[in-house]
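1. Mind folding the following:
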Amino acid sequence: MTLAWIILIHVAAAVGLVLLPLPGWIVIGVAAGLLVLGGMGTTIAYHRSLTHRSVTLHPVIKHLLIFFAMFNGSGTPAHWVADHRHHHAMADKPGDISSPRDGFWWAHLRWLWQARRDDSGRFCQDMDTSGYRWWQRLQVPLLALALIGGLALVPWIGWAAALAAALWLGPIRLLVALHTQCTVNSVCHLGSLGSEHGSARNVWWLSVLHLGLGENWHGNHHKRQNSPRLGYGRAQVDLGWWVIRLLAWCGLATQVKATGSMRDARLPATVRQPRFVTSVAQGLRAAWRLALHGYLSVFRPNPA
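-> Next up, the predicted model:
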């Protein structure tokens with residue numbers, strides 16, 4: 001099924017680019033926005049939070065990011081987590097399911113449908129809960145929506161324009177998302193196999209393809225697997241890390257692990273809400289109680 005999906009989006013994108021006109025900038029902008037949100041779902045929710053437990057996300061934020069990751073073709077959270085933990089447990093050793101030891105194209109694509117996952121279940125036992133299992137049942141409908149959802153625009157813009165929009169919102173976006181993620185296992189693992197942290201390396205020029213979200217700093221990640229930060233310093237753009245800091249500032253991300261020994265990368269083990277955020281929340285609760293008390297005092301029936 002994975003191979004069939006990969007062939008489908010490649011063929012649909014190639015045929016669509018030949019036969020269909022370019023859509024407007026609004027459609028391309030929406031497709032880019034979905035790529036960014038899906039990338040955040042993968043790097044923040046799947047990778048840094050669920051796989052390595054380097055940050056705990058608010059349940060609403062977590063499941064919202066899971067939705068966008070699956071809508072971007074990243075698969076279910078349990079399967080993604082199992083594959084990535086499996087990779088780290090045997091990085092560049094026999095048994096690593098995505099190592100370039102077996103060739104560039106194995107690491108880039110072939111492992112997705114050819115790797116044996118007989119024991120992968122043991123890497124995601126903590127994901128065997130109802131909160132994650134129902135995403136498994138939603139995978140096929142979500143992928144169908146991601147692929148052809150743009151056709152819903154037919155009543156407003158007509159068939160020709162809707163097909164062009166569906167092409168960029170569906171196959172082309174999914175194709176870019178697929179190969180962007182695949183470069184982490186292939187291009188970012190072309191370092192020396194004899195190095196202490198396997199073949200993982202940082203690839204600065206992939207920042208553009210990865211939309212600055214940070215996954216291209218893969219060498220850093222293998223050195224500090226449990227760090228929520230992938231890029232260090234001003235030159236290593238890591239928007240995923242800054243989104244985590246923003247979520248922590250808003251109280252929507254907690255238990256952010258320390259990021260390493262670099263002075264500009266440190267965070268306390270748990271990032272607390274700023275005092276003024278707590279004060280605002282307390283003020284809103286007090287205002288709600290006051291409004292409710294006033295409403296009841298006016299409309300409560302008189303016992304007499």
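2. Could you report the distance from the closest residue to Q136 other than its chain neighbours to W241?
-> Excluding the flanking residues, the one nearest Q136 by C-beta to C-beta, 6 or more residues apart in numbering is T76, at 5.1 Å. Every residue, glycine included, has its C-beta placed from N, CA and C. Here T76 is placed at a distance of 25 Å from W241 (C-beta to C-beta, to the nearest Å).
3. Check the residue nearest to Q136 and give its pLDDT.
-> Turning to T76, the model gives it a pLDDT of 93.
4. Give me the neighbour count for it.
-> 23 (other C-beta atoms under 10 Å).
5. residues contacting it?
-> Going by C-beta atoms under 8 Å, 6 or more residues apart in numbering, T76 touches M70, Y132, W135, Q136, Q139.
6. Next, find the distance separating it from L230.
-> For T76 relative to L230 (C-beta to C-beta), the value is 23 Å.
7. again, but for G131
-> Applying C-beta to C-beta, the value for G131 to L230 is 26 Å.
8. Also K62?
-> 19 Å.
9. between the two, who's got more neighbours?
-> Legend: neighbour count by other C-beta under 10 Å for K62 and L230, higher for L230 (26 against 20).
10. wait, doesn't D128 sit right on A78?
-> Yes - counting by C-beta atoms under 8 Å, A78 is a contact partner of D128 at 7.2 Å.
11. wait, which of the contacts of T76 is closest to Q236?
-> In terms of C-beta to C-beta, no member of those lies closer to Q236 than M70, at 27.9 Å.
12. Now do that closest one against A177, distance only.
-> With C-beta to C-beta as the criterion, M70 and A177 are 11 Å apart.
13. just for the stretch 51-200 of the chain, where's the confidence low?
-> 118-120, 193-197 (pLDDT under 70).
14. so where do the strands sit in it?
-> 56-57 (DSSP state E, counting those that start in this stretch).
15. Spit out the contact partners of the most centrally placed residue in the chain.
-> With distances taken as C-alpha atoms, centre = their mean, the residue of the chain nearest its centroid is T42 (1.5 Å). Going by C-beta under 8 Å, 6+ apart, T42 touches A69, N72, S74, W80, Q181, E215.
16. what's the answer for L211, then?
-> So L211 contacts L35, V36, G39, L239 (C-beta under 8 Å, 6+ apart).
17. Repeat that for G231.
-> Per C-beta under 8 Å, 6+ apart, neighbours of G231: G214, W217, N220, V237, D238, W241.
18. Tell me, how many residues neighbour the first one?
-> Using other C-beta under 10 Å as the criterion, G214 is surrounded by 27 other residues.
19. Please apply the same query to the one 10 residues further on.
-> Burial measure for R224: 21 neighbouring residues, criterion other C-beta under 10 Å.
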